[in-house]
Every structure is written in C-alpha cells, then in structure tokens.
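Engineer: Model the following, please.
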Amino acid sequence: MTTTTARRILAAIAAAVIAVGLTGCAQAGGGATTCGEYLSMDADGQSAVVKRMLTDRGASTNNGTINLTKGEVWTYCQTLGSDSSTIDSIYGWETILPT
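Structural biologist: Numbers count the residues shown, from 1 in each chain. From the prediction side, this is the model:
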C-alpha cells in the first residue's frame with residue numbers, strides 16, 4: 001500500500017465518522033504534536049492532544065470521535081509517520097470538514 005493510498009483511506013475513515021454523526025483541559029500542541037511526542041504520552045495525554053486537535057479544526061470532540069481518532073493517529077505514527085511527523089498530517093482537513 002502506498003503512502004498516498006493509506007492517507008486517502010485514513011481521510012475516508014475520518015470523513016465517514018464525521019458524516020455518520022458521531023458528534024456530540026487539553027494539552028497545548030494539538031495537531032502540531034509529533035508522533036514521537038504522541039507515542040510517549042499516556043492515554044490521558046493522548047486524549048487531550050487529540051481533543052485539542054479536533055477542537056482546533058472544528059470537528060466533533062465526543063468520546064467516540066476522540067477514541068477513533070486516537071486509534072488512527074496511533075496507526076499512522078506506527079506505520080507511515082516518523083517521530084517528527086505531526087499528528088494532524090494524517091488528514092486532508094480541507095477535504096473532510098465543511099468550510
């Protein structure tokens with residue numbers, strides 16, 4: 001699987017989550033957090049960073065969306081991302097959020 005294909009799949013998953021209506025005190029950094037930083041955090045830290053990233057982008061921050069996004073970020077960081085990749089680079093935000 002190519003990097004482009006994997007990113008498209010991840011973007012499609014994220015779009016589907018938002019489309020099906022899973023809507024409903026974060027650490028600084030949000031989407032600017034690197035994979036290396038993210039993977040070294042405990043579960044609460046990861047949740048806070050993901051919630052901040054979603055809030056910054058105007059996406060839902062309910063528990064289902066946070067947990068799904070945490071899984072997507074973890075998968076990205078373990079496969080395609082490097083320690084210096086930012087966690088919000090897995091999404092083509094402009095294609096999955098309304099303008």
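Engineer: Okay, helices next: where are they in the chain?
Structural biologist: Counting by DSSP state H, the chain has helices at residues 3-19, 35-40, 43-56, 63-79, 93-96.
Engineer: The third one packs against which elements?
Structural biologist: Okay, so that is helix 43-56. Applying 3 or more Cβ pairs under 8 Å, 6 or more residues apart in numbering; DSSP states H and E, one finds that helix 43-56 contacts helix 63-79. The C-beta positions use only the backbone N, C-alpha and C, and glycine is treated the same way.
Engineer: Compute the mean per-residue pLDDT across the helix it packs on, please.
Structural biologist: Averaging pLDDT along helix 63-79 gives 94.
Engineer: Can you pull the poorly scored residue ranges out of the protein?
Structural biologist: Along the chain, the parts satisfying pLDDT under 70 run over 1, 3-28, 92-99.
Engineer: now do 90
Structural biologist: 1-31, 57-59, 88-99 (pLDDT under 90).
Engineer: Quick check: Ser85 touching Thr34?
Structural biologist: Yes: using Cβ atoms under 8 Å, Ser85 is in contact with Thr34, at 6.5 Å.
Engineer: Give me the common contacts of these two.
Structural biologist: Between them, Ser85 and Thr34 share no contacting residue under Cβ atoms under 8 Å, 6 or more residues apart in numbering.
Engineer: burial measure for Ser89, as a count.
Structural biologist: 16 (other Cβ atoms under 10 Å).
Engineer: Let me see the contact set for it.
Structural biologist: Gly81.
Engineer: Quick check: the gap between it and Asn63.
Structural biologist: Using Cβ to Cβ, to the nearest Å, Ser89 is found at 24 Å from Asn63.
Engineer: ditto for Asp44
Structural biologist: 13 Å.
Engineer: The two - which one has more neighbours?
Structural biologist: In terms of neighbours (other Cβ under 10 Å), Asn63 is the more surrounded of Asp44 and Asn63; the figures are 12 against 9.
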